[in-house]
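Asker: no sequence for this one, just the structure:
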C-alpha cells in the first residue's frame, strides 16, 4: 500500500458480529507506520460521498473492543447500491483525502461497488487497494464456506425454535415461524438444529430453494398434526411458487400495496403478512383452531447477547486479514473463508468478481428428498459454527401413573 | 397435611422459569415421609380429569435440575378455565388417588380454580390443601410485588429493543415492535431499560393503561422522527381506544375475522395484524418510506437461553415455599412475593381470593405524564429483577474528520 489513509465502511443489514470485522481491520491498520490515519465512513458509501468520516485513529482500544462485542453497524449502514456516477464520486473523495486503502464490510453488493471503484482508480492511475470483508446473515456469498454473521443469526433462530417447540408441546396446536432469507434458505434451515427428541419441531421446513405449493403445504401440516397432535413449521420469507412469484404476493389486494426497495425487490421483512396468510390458510383449509404465526423480523439479526463465539472470532479475523492482505501484499480482492478441517478454517483473498453480485443458495445435498427438511450433511456443516455454551433442553421422563377411575 | 399424595400441575402460558417452580415443589415434597408419591398432572387441569399423571417420585434429581433450567411447561399446560362441574370432576379424581395436596402453578385463573376446588373439598369434608404458585410473564397478579416469569420475559424484550435500536440507528427509519400484554403494560414498559444513550430508542412506549389515539400516535412519531431522523416504538398488543375496543379491531374487514379464545377474548398474539396496521398508518399518514414492524409473539416467552438468574431463583423458591406452607403449616392459599429491601424479597401465603380472578395493571407512578414513556420509579422497580450479566451496548466516540471537498 502507498502511504496514506485507510478507510473502513459498513454496508447492508447489520449483524451481531459486523463490528468485530470493523475493529479487526482498525486495530491491525493502526499498527502500520504507512497508515497515517484510519477513517470510518458513516452510513456506508453514503458517508463517503458526503465526506462524513470519523477518525478511528483517535478512538481508544478499550472502547473499540467494547464496540466489537456490540451488535449492529457502529458506523451506520446504507442500502444504497452505487451506480457508475456514484462510484466516480466515491473515488473523487478518496483521492481528496489521500485514502489509499478502502475496506468495505458487506454482502455481494458491497463487493460489486468495490469492483467498480477499483476499475475507475486504475483508469485514473490512482494507486488504491480495495478489499471486500464478507458479512451477511443470509450466508449467500459465493466462494465462502460460510459468511460472518450467519452463525450468530442461526444461533438465534435455533434458540427461538427450541423454545417455540417446547411452548407448542405444552399448548399443542400449529405454529408457523417466518425466518429471514430472500433467496437462500440457510437461516431457515438452521431451525432444524433446535431439535433434540424425535418428535421435536420444527416438523416442516420450507426453503426458497424449493417451489412452494399451498395445497402440498396444507397436506404436510395435516399429516404432522394427525401424527403428533401439533406441528411447528419454519418458513423462509422468500418462499415462492413455480413461476418464482413470492407467496406473500398471492395475498390478493395487499399484493398491490407491497413495497419495493431500491433494488426493485418486494419488501419481505418488517411485515407479518406471510405468517398471517399461512395461518389463515391452515385455519380455513384444515379447520384447526389453535394456529399461531410469528414473523421473526429484525429481532433475529440484532438481538443483544445471542452470539456465536466462533462467529465473533472469524468476523474479527476477516477484518484483520483484510488489513494484512492490503499492507503486506498490496493486493485487492475479497477475503473468503474456507473450511480446511473439522473444525478449522483458513482465509484467502479472491478476486472481487468471484463474489461481486453473485448469490449462493443451499446445495441439493443439504435438503432432503421431501423438500421439507434438511439432511445430516447440513447439520454437520452448521454445528461447529454455533460456538460454545449452546443451551440444551430437557424433558421429564417419569413413569405414567395407572388410572384409578377410568381404567 | 394428611398422609397421601402431592399433585403438581402447570396452567396458562409457559414461561422461561415455570419449570423451576415445578422442580422446587417436587424436590421439597420428596423430603417428607407424609408424602407417599408426588404426581405431575399432564396438561394442567385437563390431565387431572383424564387421570393423566406422571410419578415424579421416580424422576431423577439430576434430570429434574436440567428440566428446571429448560423453558416451557414440562408437564404440558392448558387454557381450560374450569367451571363448577369441571372442578367437581377434579375433586373426584383427587379423592380417588388420595391426593391431599394440590399445587397449581399459574396466573389468576389457576388461583380461581383452586378456590372452587377447595370449597368443594370442604363441603365434602375431604381434607385437602390447595396452593397456588404464581407465574405469568404479564406481571399482572395482585398482592405480589412481581411475578415469576416476568423478569426473564422482560430481559428478552430489553435485549430485543437494545439490538433493534442499534439496527435502526444503522439504517434509520421507523420501527414498531409489538409486545405481549393484554391488560398490563409491564412487559412493553420493560423496553425502556434497553436504552443507554440519550437518543436511544424506544423513543415512544404505548401501554394498555392509557387510551390510544391514532392521530396522537402519528404526531408523536413525526415529532421524534423530525428530531432524530428515526424512531423506535414499543407497543403493547393490548392497546385500545377510549371505549376499550382493541386497536387491532379497527382493522375494518379483518376485525370480523378476529379469533376469540375460551375466555371470549380476541386473539392478540400469533398474528402480525397490529404491527402491520400501525406501520401502514405511518406510511400513509406521514409519507415516511422506511417503516418496519415486528410482532414479537411467542418467541418472547419461550426463547432458549435468555433468562434472569434472579427470576430463576425466585421461581424455584415459590415452589419450595408452597411445599413448606403445606407440609409444615397445613395451610392453603396463594404464595406471594413481597419486596422487603433493595433488593430482597420474602414469601407469604395469602388467601386464594386475594389473587383469584383479579388483574393488576401498571400504577400511575410508573407511567410518565405524556403517557408514552415510563418513570424513574419503574426503572428502579425492574432493574434488580433482571439478574446478572445483562449485556451492554457501546458506541464509537471518535472525532469527526473535517471535510476537504464540501467545506
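Answerer: That came through, no problem. As the structure is a prediction and not an experimental result, all values here were calculated from the model.

Asker: contacts only, for the residue nearest the centre of chain A.
Answerer: With distances taken as C-alpha atoms, centre = their mean, the residue of chain A nearest its centroid is residue A:137 (0.7 Å). Contacts here follow C-beta atoms under 8 Å, 6 or more residues apart in numbering or on different chains; on that basis residue A:137 touches A:13, A:15, A:149, A:150, A:152, A:153, A:180, A:187, A:300, A:301. In short, each C-beta sits where N, CA and C put it, glycine included.

Asker: what do you get for residue A:288?
Answerer: Residue A:288 makes contacts with A:173, A:174, A:225, A:282, as judged by C-beta under 8 Å, 6+ apart.

Asker: how about a cut-off of 6 Å?
Answerer: By C-beta atoms under 6 Å, 6 or more residues apart in numbering or on different chains, the contact list for residue A:288 reads residue A:174.

Asker: what does residue A:110 give?
Answerer: For residue A:110, the contacting residues are A:11, A:104, by C-beta under 6 Å, 6+ apart.

Asker: which of the three states applies to it?
Answerer: helix (DSSP: H, G, I helix; E, B strand; the rest coil).

Asker: and the pLDDT at it?
Answerer: If you check residue A:110, the pLDDT there is 93.

Asker: what's the separation between it and chain B?
Answerer: Between residue A:110 and chain B the distance is 14 Å, computed by C-beta to the nearest C-beta, to the nearest Å.

Asker: all strands of the stretch 1-150 of chain A, in order?
Answerer: In the stretch 1-150 of chain A, the segments counted as strands under DSSP state E, counting those that start in this stretch are A:4-10, A:35-41, A:53-55, A:99-106, A:129-134.

Asker: TSV for those, including mean neighbour count?
Answerer: As requested, the strands of the stretch 1-150 of chain A are exported to TSV (neighbours: other C-beta atoms under 10 Å in any protein chain shown):
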stretch	mean neighbour count
strand A:4-10	27
strand A:35-41	23
strand A:53-55	22
strand A:99-106	28
strand A:129-134	28
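
Asker: could you redo those as JSON lines and give each row mean pLDDT?
Answerer: Rendered in JSON lines, the data for those read as follows (pLDDT from 0 to 100):
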{"stretch": "strand A:4-10", "mean pLDDT": "98"}
{"stretch": "strand A:35-41", "mean pLDDT": "97"}
{"stretch": "strand A:53-55", "mean pLDDT": "98"}
{"stretch": "strand A:99-106", "mean pLDDT": "98"}
{"stretch": "strand A:129-134", "mean pLDDT": "98"}
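
Asker: correct me, but residue A:303 touches residue B:163?
Answerer: Yes: contact criterion C-beta atoms under 6 Å: residue A:303 and residue B:163 qualify, at 4.7 Å.

Asker: thought residue A:93 was touching residue A:50?
Answerer: No: under the contact definition of C-beta under 6 Å, residue A:93 does not touch residue A:50, with a separation of 8.5 Å.

Asker: the two: who's more crowded?
Answerer: Comparing residue A:93 with residue A:50 by neighbour count (other C-beta atoms under 10 Å in any protein chain shown), the higher total belongs to residue A:93, at 22 against 16.

Asker: spatially nearest residue to the more buried one (excluding sequence neighbours)?
Answerer: Computed as C-beta to C-beta, 6 or more residues apart in numbering or on different chains, the closest residue to residue A:93 that is not its neighbour in sequence is residue A:48, at 5.4 Å.

Asker: quick one: residues contacting the one you found.
Answerer: So residue A:48 contacts A:41, A:90, A:93 (C-beta under 6 Å, 6+ apart).

Asker: could you dump those residues to CSV with distance to residue B:59?
Answerer: Compiled in CSV, the contacts of residue A:48 are given as follows (distance: C-beta to C-beta, whole Å):
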residue, distance to residue B:59
A:41, 58
A:90, 64
A:93, 67
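
Asker: what residues does the stretch 151-300 of chain A have near chain B?
Answerer: A:159-160, A:162-164, A:166-167, A:170-171, A:270-272, A:275-276, A:292-295, A:297-299 (C-beta under 6 Å from any C-beta of the partner chain).

Asker: let's see that with 7 Å instead.
Answerer: A:159-160, A:162-164, A:166-167, A:169-171, A:175, A:269-273, A:275-276, A:292-299 (C-beta under 7 Å from any C-beta of the partner chain).

Asker: filter the residues you listed down to the ones in helices?
Answerer: Under the assignment DSSP state H, those contribute A:159-160, A:162-164, A:166-167, A:169-170, A:273, A:275-276, A:299 to helices.

Asker: list the contacts for the residue nearest to residue A:238 when sequence neighbours are not counted?
Answerer: With C-beta to C-beta, 6+ apart as the criterion, residue A:238 has its nearest non-adjacent residue at 3.7 Å, and that residue is residue A:208. For residue A:208, the contact set (C-beta atoms under 7 Å, 6 or more residues apart in numbering or on different chains) comprises A:181, A:182, A:183, A:184, A:185, A:236, A:238, A:239, A:240.

Asker: could you look up the SS state of residue A:208?
Answerer: With three-state DSSP as the criterion, residue A:208 reads coil.

Asker: out of the contacts of residue A:48, which is nearest to chain B?
Answerer: When the contacts of residue A:48 are compared for distance to chain B (C-beta to the nearest C-beta), residue A:93 wins out at 6.4 Å.

Asker: am I right that the closest one is in contact with residue A:53?
Answerer: No: the criterion here is C-beta atoms under 7 Å, and residue A:93 misses it with residue A:53 at 9.0 Å.

Asker: pLDDT weak spots in the stretch 251-400 of chain A?
Answerer: The stretch 251-400 of chain A contains residues with pLDDT under 70 at A:251-270.

Asker: now do residue A:236 against residue A:359, distance only.
Answerer: Relative to residue A:359, residue A:236 is positioned 14 Å away (criterion: C-beta to C-beta, to the nearest Å).

Asker: please consider this matter closed, and thank you.
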